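Participant: only the shape, not the letters, is given here:
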């Protein structure tokens, strides 16, 4: 079983953005020491509770602190960028850390209309994302009319299953990453494998399951570790702001006072999370991989307490040896 991490550079209540970024770099170093397969970072613009906006820049710093773990973007939101520039940044990372870069690509625009306007992209028309991915792949492989530099071996390209990302990955012959409600859509994951068409550079279907996972000595404690993240996402739908992580005690206090709609959103969020003791989580992960056909688990875990996060990462790493 391959186990990896996607870190969003989540801020904690009372913590600065710089501290959150430093925490991401330190976590990557620890992930390598634990023998985890990949460490990916995300792209979010102007979101109060997330410090990471420039994944390729952050990966350059992480690459300088690590030696073997694969590093990737989870992902670069291609509608916000020129494909040539994305290719140049990915190839530069590949030159700096040979054989360790993954380029995860998504199609999300932005968190709010104001951010979308600031980025210069408010609408994504049908077919635009597919065309941009094809253009990006041509730049990476040196088959476009313009040569992207530096000219090094192209890093593998992954598509995030946002909107029609899973169907597009099958059409273009690319590996894909699924998460959230898509993990429950067995029809879509089966279609990915059934409809997969090898791309012009050769490939096999490969699916990564992206899940919030928490491992602890008791099932109740494991579930509680994820409450700050569950509360932040659920309450954002009401407040319009994705806030820094609160302590579990404070998140529970606010949840107890929240309307039924928000409490229902928290309950729904937990349906696609995996929590429990090491044995319970191992069983749940095995069932998830069997149900989806995924070959790899990518944990998107965020906890308020960083010591708890370190313990959870250590427990996750043990799954690879189970």
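Facilitator: Nice, thanks for sending it over. In this text the structure is predicted, and so the values were computed from the model without any measurement.

Participant: okay, CA-based contacts and neighbour counts for the rest of this
Facilitator: OK.

Participant: for the protein, which helix is longest?
Facilitator: Longest helix of the chain, by residue count under DSSP state H: helix 17-34.

Participant: sheet partners, orientation included, of whichever helix or strand comes after that one?
Facilitator: Later in the chain than helix 17-34, the nearest helix or strand by DSSP states H and E is strand 38-41. Within its sheet, and counting by DSSP bridges, strand 38-41 is paired with strand 2-7 (parallel), strand 70-77 (parallel).

Participant: can I get these in TSV with mean pLDDT?
Facilitator: What follows is those, written out as TSV (pLDDT from 0 to 100):
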stretch	mean pLDDT
strand 2-7	97
strand 70-77	96
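
Participant: return the most buried member of these.
Facilitator: strand 70-77 (a mean of 25; mean count of other Cα atoms under 10 Å).

Participant: immediately after it, which helix or strand?
Facilitator: Once the chain leaves strand 70-77, the next helix or strand it forms, by DSSP H and E, is helix 83-96.

Participant: which residues sit against that next one?
Facilitator: Outside of helix 83-96, the residues within contact range by Cα atoms under 8 Å, 6 or more residues apart in numbering are 56, 59-60, 63, 78, 100-101, 103, 132-133, 135-137, 139-140, 148-155.

Participant: quick check: mean pLDDT of it?
Facilitator: Helix 83-96 comes out with an average pLDDT of 98.

Participant: that one: how far from the chain's middle?
Facilitator: Using Cα atoms, centre = their mean, to the nearest Å, the distance from the centre of helix 83-96 to the centre of the chain it belongs to is 19 Å.

Participant: just the angle between that helix and strand 70-77, please?
Facilitator: Comparing the axes of helix 83-96 and strand 70-77 via axes from the mean of the first three to the mean of the last three Cα atoms, to 10 degrees yields an angle of 170 degrees.

Participant: what comes up buried for helix 83-96?
Facilitator: Neighbour-count burial for helix 83-96 flags 83, 84, 86, 87, 88, 89, 90, 91, 92, 93, 94, 95 (criterion: 16 or more other Cα atoms under 10 Å).

Participant: what does stretch 307-316 give?
Facilitator: Of the residues in stretch 307-316, those with enough neighbours to count as buried (16+ other Cα under 10 Å) are 308, 309, 312, 313, 314, 315, 316.

Participant: could you list which of those belong to helices?
Facilitator: In helices, judged by DSSP H, the following of these are found: 308, 309, 312, 313, 314, 315, 316.

Participant: list the contacts of the closest residue to residue 186 other than its chain neighbours.
Facilitator: Closest residue to residue 186 apart from its sequence neighbours, by Cα to Cα, 6 or more residues apart in numbering: residue 292 at 6.1 Å. By Cα under 8 Å, 6+ apart, the contact set of residue 292 is 183, 186, 189, 190, 209.

Participant: format the strands paired with strand 38-41 as CSV; extra columns: distance to residue 239.
Facilitator: Converted to CSV, the strands paired with strand 38-41 look like this (distance: least, Cα to Cα, whole Å):
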stretch, distance to residue 239
strand 2-7, 24
strand 70-77, 24
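
Participant: out of these, which gets nearest to residue 253?
Facilitator: Checking these against residue 253 by Cα to Cα gives strand 2-7 as the closest, at 26.3 Å.

Participant: which residue sits farthest out from the middle of this protein?
Facilitator: In the chain, the greatest distance from the average C-alpha position (Cα atoms, centre = their mean) is reached by residue 145, at 31.6 Å.

Participant: any idea how far it is from residue 121?
Facilitator: Taking Cα to Cα, to the nearest Å as the measure, residue 145 falls 25 Å from residue 121.

Participant: where does the stretch 101-250 of the chain have low pLDDT?
Facilitator: Counting by pLDDT under 70, the ranges of the stretch 101-250 of the chain that qualify are 240.

Participant: quick one, helices of it?
Facilitator: Under the criterion DSSP state H, counting those that start in this stretch, helices of the stretch 101-250 of the chain are mapped to 113-119, 128-141, 165-172, 186-195, 219-225, 227-239, 248-256.

Participant: just name the most buried of the ones you listed.
Facilitator: Of all the helices of the stretch 101-250 of the chain, helix 165-172 carries the top mean neighbour count, a mean of 22, counting by mean count of other Cα under 10 Å.

Participant: thinking again about what came up before, residue 241: which of the contacts of residue 292 is nearest?
Facilitator: Top of the list for closeness to residue 241, among the contacts of residue 292 and by Cα to Cα, is residue 183 at 25.5 Å.

Participant: didn't that closest one look like it was pressed against residue 273?
Facilitator: No: with contacts defined as Cα atoms under 8 Å, residue 183 does not count as touching residue 273, sitting 10.0 Å away.

Participant: ok, now which ones touch the closest residue to residue 263 other than its chain neighbours?
Facilitator: Excluding its sequence neighbours, the residue lying closest to residue 263 (Cα to Cα, 6+ apart) is residue 255, at 6.6 Å. The neighbourhood of residue 255, defined by Cα under 8 Å, 6+ apart, consists of 231, 262, 263.
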